[in-house]
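**Q** Return a 3D structure for these sequence lines:
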Amino acid sequence: MRHGIKMPFQYCFTMNRWCLAILFINIVIQGCLSQNGKECTAINNLDNQRLMSLMKAIVPELEGKRKGDAGKIGVIGGATEYTGAPYFSAITALKVGADLVYVITTESAAPVIKSYSPDLIVYPYLNTNTVSKVHSLLNKMDVIIIGPGLGREEETLKLIYEIFIECKKLRKPLVIDADGLYAVSKNLSVLQNYPSPGIIFTPNYREANKLKQAVSLNDSNWFNYWGDYVTVLVKGSEDHYYSSISSFSWSSKYGGSGRRVGGQGDILSGALGTLYNWALNLKVCDTGNIFQVAQSISTFAAARFTRECNYKAYLEYGRSLTTTDMLKYIHASFETLFNNEK
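**A** This is a model prediction of the structure:
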């Protein structure tokens, strides 16, 4: 079956026969989405049913494409002690469907990460002597994931702040997780008023509380501190997504298991990097909140996908489940969520 959705028709395989099915996707989101080049009328808020339809729609066709069209994703992170996190994030971005994935890491971590997979492009540039090389690489990346395995060394944080500033100038879409969020909590203003397409923060409950305390807003909308184009996914037994446009916010607890392993968040960040790029490229909006829509769709898709990987792996491995086991279920989870026409 072809990946992605062609409108208004698509072929589906049913009962060993090809049948023509008319696919009507009535996408109505806050006066923003378009159909045949015309704006649709706003009717309702985003809900899980609409998000499920939309996340299938963002997957690009494979035919007629060139290398790079499905995404060039960057992962900035890793340290001597933490080589697994950037690997999990990068390999997930690649296996979900990005064409090229670059890892920018420290000199000591680079050969270790390279040894995990020959499919990743790894640069040992995360140090003060080669930060200018990092800046030159940022241009080629469609979405940049910052934080997996980064560590909290003072020198590293200074480098990350420089990279944040450069990404802001280049208007690069960002996914920030793990120690990248710690860096933000120690320098809140560095990302304030970040321009479109924007940033998606992916904290767990504790990381979200630290950010909230650092912002010190007596307001439940603390996430608005950074501007209209910064959104937040708070991961937990139930995932909660917050947008500056309240009607694009949602919560979800489908799938997953009671086994929560270290590295699962890295799988989510990698999947989100690829899906965020796809959602931006779909350009479902003609006007208005195009970027917030892309953020909401891609974050929902990444959260559901990660939970599905966890669920499928848990059925086989139970309490012994590790993040490496979850990687084995990337393809099956993708098929379940994105190519299931039910």
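**Q** Test my guess that G71 contacts V143.
**A** Yes - counting by C-beta atoms under 8 Å, G71 touches V143, with 7.1 Å between them. Using the backbone N, CA and C atoms, a C-beta is placed for each residue, glycine as well.
**Q** now the nearest residue to A208 once chain neighbours are set aside: how far from N127?
**A** In space, and not counting its chain neighbours, A208 is closest to V234: 4.5 Å by C-beta to C-beta, 6 or more residues apart in numbering. Distance of V234 to N127, given as C-beta to C-beta, to the nearest Å: 32 Å.
**Q** Those two: which has the busier surroundings?
**A** Taking other C-beta atoms under 10 Å, V234 and N127 do not tie; V234 has more neighbours (21 against 16).
**Q** Note down every partner strand of the helix or strand that the more buried one is a member of and its orientation.
**A** Using DSSP states H and E, V234 maps to strand 230-234. Strand pairing for strand 230-234, determined by DSSP bridges: strand 199-201 (parallel), strand 239-242 (antiparallel).
**Q** Quick check: mean pLDDT of it?
**A** Averaging the model's pLDDT scores along strand 230-234 yields 97.
**Q** With stretch 192-207 instead?
**A** So the average pLDDT for stretch 192-207 ends up being 97.
**Q** where do the contact lists of G71 and V143 overlap?
**A** Counting by C-beta atoms under 8 Å, 6 or more residues apart in numbering, the shared contacts of G71 and V143 are 273-274, 277.
**Q** list the contacts for the residue nearest to L126 when sequence neighbours are not counted?
**A** Leaving aside its sequence neighbours, L126 sits nearest to T106 (C-beta to C-beta, 6+ apart; 4.8 Å). Contacts of T106 were listed using C-beta under 8 Å, 6+ apart, and they are 78-80, 124, 126-127.
**Q** before we move on, what SS does T106 have?
**A** coil (DSSP: H, G, I helix; E, B strand; the rest coil).
**Q** re earlier: in contact with the residue nearest to A208, which residues?
**A** Neighbours of V234 in contact, by C-beta under 8 Å, 6+ apart: 203-205, 208, 240-242.
**Q** so where do the helices sit in the stretch 51-200 of the chain?
**A** In the stretch 51-200 of the chain, the helices defined using DSSP state H, counting those that start in this stretch lie at 84-96, 110-116, 131-138, 154-170, 179-186.
**Q** Can you add mean pLDDT, mean neighbour count and distance to L268 and give these back as JSON lines?
**A** Converted to JSON lines, the helices of the stretch 51-200 of the chain look like this (pLDDT from 0 to 100; neighbours: other C-beta atoms under 10 Å; distance: least, C-beta to C-beta, whole Å):
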{"stretch": "helix 84-96", "mean pLDDT": "99", "mean neighbour count": "28", "distance to L268": "8"}
{"stretch": "helix 110-116", "mean pLDDT": "98", "mean neighbour count": "17", "distance to L268": "19"}
{"stretch": "helix 131-138", "mean pLDDT": "93", "mean neighbour count": "15", "distance to L268": "22"}
{"stretch": "helix 154-170", "mean pLDDT": "97", "mean neighbour count": "17", "distance to L268": "20"}
{"stretch": "helix 179-186", "mean pLDDT": "98", "mean neighbour count": "22", "distance to L268": "13"}
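**Q** Of all those helices, which one is nearest G263?
**A** Taking C-beta to C-beta as the criterion, helix 84-96 is the member of these that comes nearest to G263, at 5.0 Å.
**Q** ok and the closest one relative to helix 179-186, angle-wise?
**A** Helix 84-96 runs at 120 degrees relative to helix 179-186, counting by axes from the mean of the first three to the mean of the last three C-alpha atoms, to 10 degrees.
**Q** Show me what helix 84-96 is in contact with.
**A** 71, 73, 75, 77-78, 101, 103, 105, 109, 113, 116-117, 119-120, 145, 148-149, 177-178, 263, 266-267, 269-271, 273-275, 305, 323, 327, 330-331, 334.
**Q** any idea how far that helix is from the chain center?
**A** 11 Å (C-alpha atoms, centre = their mean, to the nearest Å).
**Q** any idea how far K328 lies from T306?
**A** Distance, K328 to T306, using C-beta to C-beta: 14 Å.
**Q** If you could redo that for N127, that was the one I meant.
**A** Distance from N127 to T306, by C-beta to C-beta: 31 Å.
**Q** Could you do D228 as well?
**A** For D228 relative to T306 (C-beta to C-beta), the value is 26 Å.
**Q** Looking at those two, which is more packed in?
**A** T306 (27 against 17).
**Q** In which helix or strand does the closest residue to the more buried one other than its chain neighbours reside?
**A** Once flanking residues are discounted, T306 sits nearest to L268: 4.3 Å by C-beta to C-beta, 6+ apart. Here L268 sits within helix 264-282, counting by DSSP H and E.
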